[in-house]
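model the structure of this input:
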Amino acid sequence: MTTSPSTRAASAAVVPSARRTLVSTGIGNAAEWYDWAIYATFAPYFSKQLFSPSDPTSAILSTLAIFAVGFVARPFGGFVFGWVGDRFGRKNSMTMTVALAAVGSLLIGIAPTFGAVGALASLVLLVARLVQGLAHGGELPSSQTYLSEMAPREKRGFWSTLIYFSGTIGNMTGALIGAILAIALPKADMAAWGWRLPFILGAVMGLYGLVMRARMPETEAFEELDATRTKSRSLVKDILEHRKQAFQVIGMTVGLTVIYYVWAIVAPTYAATSLKLDPGQALWYGFAANLVFLVALPLWGRLSDRIGRKPVLIIGGIGSAVLHFPMTWLLHDSLWQLFVSMSVMLIFIAAGAAIAPAAYAELFPAKVRTAGVGVPYAIAVAAFGGTAPYLQTLFTDVVKQPWMFNAYAVVMVLISVAVVLGLPETKGKDLSV
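Below is the predicted model of the structure:
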């Protein structure tokens, strides 16, 4: 069977458009996750530069406290950029968030030292983290709404995997750059100026993402909204009108965010600090386990397009809950155990991470989709994901009862499973309304 020239031309036009959408969304999302990764990686170096070096312990604690400020700012970013996305377009919101993130990264990269300007250096760091927190709070809802609306409805689950896929690439890039610089530069040079390089690179990545996103088209779902979207409507009222869906987003997120931070982010550090495994080797084994996570994401996305969102979310949630204690017990005194336990858990965690962006977007009408997802999601991540590493350390190293945190993590996952059981199946839903 042959195709006409016009059909072939239309098909050729679709592929570059889809590729541009995926690349532009992915680069910006990866850049913002990269910013968060390098802050944690290089905090021991720049803490002594931006705070008083006379008390190194106080300096690192202050640096980590400012890191937490970024989580506090995220709900405000979800509110502000959710409003922008629902009133002025998903593309405009995405472009603004990646630009703001680049500014925050640049501020840290060129921040004056404590020795040069005193406490002003610490203030610059605080402002930069607030800026990045606002940007990251707005990035995820904006990009996942855009991606879900641009995706063919029969492939929306697969397309939505780009959010965590690109974000994980950003995290892994930050860790990889940290490892390379630690090998390439003497400790004195790393402490003096080497730590600035990844932040400046982050600003450049953000600038590239800005240019890419400025060229993106707006989604048809937003364009088809009637003129009421530009009227002076209360965003709070819009969210309250859809409070059931907002609480569903929180319920779906509490388990995913806790279990994700435990196994994808904190596990190598936990193995090094609490289990006394080699820190450098633990990071590399954690890096390898995240590659398994990347492979699993699109497979779950494709499966959700076949059998539905609910079955995949339930399989991932129950699998994570059932295996959390056994994999924690396996993680004992060797690096291969770290890799196996992380890999097994991340395979099941990938089920929720892969399709959550699509599932969130499918819960809300177009007029409130960005803010409706952004605000409750950011609240859940800040309240539960942001506190997970602290609670794990508290129960493990202070209370000496690690099972208490593990039980907490399982309960959070089961809460998410219970919420999913009450959701409607939304696979293939029309997002233009």
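
for the record, mean pLDDT for the top helix by length along the chain?
Using DSSP state H to assign secondary structure, the helix with the most residues in the chain is helix 5-50. Regarding helix 5-50, the rounded mean pLDDT is 73.

in the very next helix or strand once past that helix, what's buried?
Per DSSP states H and E, the first helix or strand lying C-terminal to helix 5-50 is helix 56-88. Residues of helix 56-88 classed as buried by neighbour count (16 or more other Cβ atoms under 10 Å): 59, 62-63, 66-67, 70-71, 73-87. Every C-beta, even on glycine, is put in place using the N, C-alpha and C of the backbone.

helix or strand right after helix 56-88?
helix 90-109.

what packs against that following helix?
Secondary-structure packing of helix 90-109 (3 or more Cβ pairs under 8 Å, 6 or more residues apart in numbering; DSSP states H and E): helix 5-50, helix 56-88, helix 119-150, helix 196-214.

and the angle from the first one to helix 196-214?
Angular relation of helix 5-50 and helix 196-214 on a 0 to 180 degree scale: 150 degrees, by axes from the mean of the first three to the mean of the last three Cα atoms, to 10 degrees.

which other helices and strands contact helix 5-50?
Using 3+ Cβ pairs under 8 Å, 6+ apart: helix 5-50 touches helix 56-88, helix 90-109, helix 119-150, helix 162-184, helix 196-214.

tell me the mean pLDDT for stretch 200-219?
In this model, stretch 200-219 has a mean pLDDT of 92.

equivalent analysis for stretch 110-117, please.
93.

low-confidence regions, this protein specifically.
Scanning the chain for pLDDT under 70 picks out the ranges 1-16, 226-233.

name the SS class of residue 317, please.
Per DSSP: H, G, I helix; E, B strand; the rest coil, the secondary structure class of residue 317 is helix.

tell me the contacts of it?
Shown in contact with residue 317 (Cβ atoms under 8 Å, 6 or more residues apart in numbering): 255, 351-352, 413-414, 416-417, 420.

and the furthest pair within those?
Maximum pairwise distance among the contacts of residue 317 (Cβ to Cβ): 15.0 Å, between 351 and 414.

between these two, which is the more surrounded one?
residue 351 (27 against 15; other Cβ atoms under 10 Å).

what kind of secondary structure is residue 218 in?
Strictly by three-state DSSP, residue 218 counts as coil.

dihedrals phi and psi, it?
phi -80, psi 160 (degrees, to the nearest 10).

and it, how close does it get to residue 267?
Counting by Cβ to Cβ, to the nearest Å, the separation of residue 218 from residue 267 is 40 Å.

these two: who's more crowded?
Neighbour count, other Cβ under 10 Å: between residue 218 and residue 267, residue 267 has more, with 25 against 15.

I figured the more buried one hits residue 330, correct?
No: using Cβ atoms under 8 Å, residue 267 makes no contact with residue 330, being 11.7 Å away.

how close does residue 339 sit to residue 293?
With Cβ to Cβ as the criterion, residue 339 and residue 293 are 12 Å apart.

which one of the two has more residues nearby?
When residue 339 and residue 293 are compared for neighbours, residue 293 comes out ahead with 24 against 21, by other Cβ under 10 Å.

how about the more buried one: what's its closest non-neighbour residue?
residue 346 (4.0 Å; Cβ to Cβ, 6 or more residues apart in numbering).

burial count for that neighbour?
27.

list the buried residues of the host helix or strand of it.
Secondary structure from DSSP H and E places residue 346 in helix 335-361. Within helix 335-361, the residues scored as buried using 16+ other Cβ under 10 Å are 335, 337-361.

same check on stretch 310-327?
Buried-residue list, stretch 310-327, by 16+ other Cβ under 10 Å: 310-321, 323-324, 327.

go on, stretch 117-137?
Under the neighbour-count criterion of 16+ other Cβ under 10 Å, stretch 117-137 has 121-122, 124-137 buried.

closest to residue 26 out of those?
Using Cβ to Cβ, those come closest to residue 26 at residue 136, 15.5 Å.

roughly how far apart are that closest one and residue 154?
Distance of residue 136 to residue 154, given as Cβ to Cβ: 31 Å.

repeat for residue 140
From residue 140 to residue 154 the distance is 24 Å (Cβ to Cβ).

who has more neighbours, these two?
Taking neighbours as other Cβ under 10 Å, residue 140 and residue 154 compare with residue 140 leading, 28 against 11.

the more buried one contacts residue 377, correct?
Yes: judged on Cβ under 8 Å, residue 140 makes contact with residue 377 at a distance of 6.7 Å.

quick revisit: mind checking which of the helices and strands packed on helix 5-50 is nearest residue 25?
Proximity to residue 25 (Cβ to Cβ) singles out helix 119-150 among the helices and strands packed on helix 5-50, at 5.2 Å.

contacts for the following helix or strand past the closest one?
Note on helix 119-150: by DSSP H and E, the next helix or strand toward the C-terminus is helix 156-160. Contacting residues not belonging to helix 156-160 are listed as 22, 144, 147-148, 150-152, 298, 300-305, 309, 312, 354-358, 361-362, 427-428 [Cβ under 8 Å, 6+ apart].

give the buried subset of those as a ChimeraX selection command.
One line in ChimeraX is enough to select the buried ones among these; burial here means 16+ other Cβ under 10 Å:
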select :22,144,147,148,150,151,298,300,301,302,303,304,305,309,312,354,355,356,357,358,361,362,427
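
leaving out sequence neighbours, find the closest residue to residue 137.
The shortest distance from residue 137 to any non-neighbouring residue, by Cβ to Cβ, 6+ apart, is to residue 77 (2.5 Å).

that neighbour reaches residue 141, doesn't it?
No: using Cβ under 8 Å, residue 77 is not in contact with residue 141, being 9.1 Å away.

which residues do those two both contact?
Common neighbours of residue 77 and residue 141 are listed as 374, 378 (criterion: Cβ under 8 Å, 6+ apart).

residue 314: what's it in contact with?
Counting by Cβ under 8 Å, 6+ apart, residue 314 makes contact with 417, 420-421.

out of those, which are buried?
The neighbour count (16+ other Cβ under 10 Å) marks 417, 420 as buried among the contacts of residue 314.

among the contacts of residue 314, which lie within helices?
417, 420-421.
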